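A.B. asks: Below are the sequence and a predicted model for it; my questions follow.
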Amino acid sequence: MAITHSDRISGTIYAIATSAEHACEMATDYLRDKTESYAVYDHQADADKELHNRHGSYDLDRDRVYAVSLDIRIADEK
C-alpha cells in the first residue's frame with residue numbers, strides 16, 4: 001500500500017536488506033530524501049521482482065524483503 005500524507009502518515013514500504021535494523025535505516029533514509037531509491041519500494045511485488053532480478057546485485061542467501069509499517073499521527077488521536 002502506498003503511503004498517504006496528511007496529519008497522518010500510514011502505510012507499508014518494502015526494503016531489500018540484510019537485517020531488520022538495516023531495513024529500518026534504509027526506510028528512514030528513504031523518508032528523508034525520496035529522490036533516491038535506497039532499495040525501498042511502495043509495493044512488495046516490486047521489491048520481490050528486484051530481489052530476484054538475475055541481473056541485480058542482491059544475494060538471495062543474504063538479502064530479504066522487509067515490510068516496514070508506518071503509523072505516524074498526532075499523539076492525541078487514537
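C.D. replies: In hand now; what should we look at? Numbering: from 1, shown residues only.
A.B. asks: Following element in sequence after the longest helix belonging to the chain, please.
C.D. replies: Criterion DSSP state H: the longest helix present in the chain is helix 20-32. Counting by DSSP states H and E, the next helix or strand C-terminal to helix 20-32 is strand 40-41.
A.B. asks: can you pull the buried residues of the following helix or strand past that following strand?
C.D. replies: Downstream of strand 40-41, the first helix or strand assigned by DSSP H and E is helix 44-51. Buried residues in helix 44-51, counting neighbours by 16 or more other CB atoms under 10 Å, are found at 47, 50-51. In this view, the C-beta of every residue, glycine as well, is placed from N, C-alpha and C.
A.B. asks: cool, stretch 11-27 as well?
C.D. replies: Those would be 13-17, 23, 26-27, for stretch 11-27 by 16+ other CB under 10 Å.
A.B. asks: just for the protein, where's the confidence low?
C.D. replies: By pLDDT under 70, the low-scoring segments of the chain are 1-5, 77-78.
A.B. asks: rerun at 80
C.D. replies: Where the chain drops to pLDDT under 80, the residues are 1-9, 34-38, 77-78.
A.B. asks: for Ala17, phi and psi?
C.D. replies: Backbone torsions of Ala17, given as degrees, to the nearest 10, read phi -150, psi 170.
A.B. asks: Bridged to it, which residues?
C.D. replies: Beta bridges link Ala17 to Arg64, judged by DSSP bridges.
A.B. asks: What's the separation between it and Glu50?
C.D. replies: 12 Å (CB to CB, to the nearest Å).
A.B. asks: swap in Thr12?
C.D. replies: To Glu50, Thr12 is 16 Å away according to CB to CB.
A.B. asks: before we move on, what about Ser69?
C.D. replies: For Ser69, the distance to Glu50 - CB to CB - is 20 Å.
A.B. asks: what's the answer for His22, then?
C.D. replies: 16 Å.
A.B. asks: what would the buried residues of helix 44-51 look like in TSV with distance to Ser6?
C.D. replies: Below are those laid out as TSV (distance: CB to CB, whole Å):
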residue	distance to Ser6
Ala47	25
Glu50	29
Leu51	31
